[in-house]
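S.K.: what would the 3D arrangement of this be:
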Amino acid sequence: KAAGQSAEDEEACMKTVRALASRGITLRDALSGFDTAISGKVVEPTCTTAEFHNKFMKPLTTQKKCSFSELISATSGRAKQPAAVHVIHSWGMKHKDLLLGVASYVQGLHRGPKPSNVE
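M.R.: Sure thing, here's the model as predicted:
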């Protein structure tokens, strides 16, 4: 609990954290959204994450009045899924580099760690 934070504030904060953690998207969905934005000429392939968000994500989700994860769930028929990983990024980085970094992480998960005692 943060200094000076009331029990009510702490509970409200935890409620928000739980709600956000229940809204995950797959790498496939992230890549599909980026491809849609590029093929629709909404953004350039070299756009920043901020440009992608402002030109594609924000208008789409504002129009539908929902989050991207809720939109994916509604249009795909798949249930909302919890987030397995929280991605921290820079708004000024190239969005494709963000996606490449996530893809590299996911690929590493599927290959698994290499045992240190194997030559």
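S.K.: contacts, neighbours, all on C-alpha from now
M.R.: Fine.
S.K.: what's the lengthiest helix in the chain packed up against?
M.R.: The longest helix of the chain (DSSP state H) is helix 95-111. Under the contact criterion of 3 or more CA pairs under 8 Å, 6 or more residues apart in numbering; DSSP states H and E, the helices and strands touching helix 95-111 comprise helix 27-39, helix 49-52.
S.K.: so which other helices or strands are in contact with the shortest one?
M.R.: Read that as helix 49-52. Using 3+ CA pairs under 8 Å, 6+ apart as the contact criterion, the neighbours of helix 49-52 among helices and strands are helix 95-111.
S.K.: one more time with 10 Å, if that's ok
M.R.: When contacts are defined as 3 or more CA pairs under 10 Å, 6 or more residues apart in numbering; DSSP states H and E, helix 49-52 sits against helix 27-39, helix 95-111.
S.K.: which of these has the lowest average pLDDT?
M.R.: Averaged per stretch, pLDDT over these is lowest on helix 95-111, reaching a mean of 90.
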